[in-house]
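Asker: give me a model of this one.
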Amino acid sequence: MRDEKYEQELKVQKANQRIFELQRTNEQMGRLLSKIPPEVLEELQRTGRNKSKRKVKVNEETGF
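Answerer: Predicted coordinates for the structure are as follows:
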């Protein structure tokens, strides 16, 4: 019984640590994104959508 609780507690601690790391990474990405001028960000988003559309068309043509 104690071993199971201890094991569960370790899993929770690892999960909490991972959440903390992801939150920190998310904050860093947010700071980086805020430095990109809005017009550049819009252009990047537009070109990203176009690339993903092309991939879908290629996949439909090849069947893969």
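
Asker: make it CA atoms for all contacts and neighbour counts henceforth
Answerer: Fine.

Asker: would you mind measuring from R46 to R2?
Answerer: Here the criterion is Cα to Cα, to the nearest Å. By it, R46 lies 55 Å from R2.

Asker: neighbour-wise, which of these two wins?
Answerer: Per other Cα atoms under 10 Å, whichever of R46 and R2 has more neighbours is R46, with 11 against 7.

Asker: just the helices in the chain please.
Answerer: Applying DSSP state H to the chain gives helices spanning 2-35, 38-62.

Asker: and the ones you listed, which one's lowest on average pLDDT?
Answerer: Ranked by mean pLDDT, the helices of the chain bottom out at helix 38-62, with a mean of 75.

Asker: what about the residue nearest the centre of the chain, distance to R46?
Answerer: Taking Cα atoms, centre = their mean, the centroid of the chain lies closest to N26, which sits 8.5 Å from it. From N26 across to R46, the span is 22 Å (Cα to Cα).

Asker: cool, R31 as well?
Answerer: Distance of R31 to R46, given as Cα to Cα: 21 Å.

Asker: check K5 too.
Answerer: Distance check for K5 against R46: by Cα to Cα, it reads 50 Å.

Asker: what does P37 give?
Answerer: Distance from P37 to R46, counting by Cα to Cα: 14 Å.

Asker: cool, Q13 as well?
Answerer: As for Q13, its distance to R46 is 40 Å (criterion: Cα to Cα).

Asker: same question, V12
Answerer: From V12 over to R46 (counting by Cα to Cα), the distance is 40 Å.
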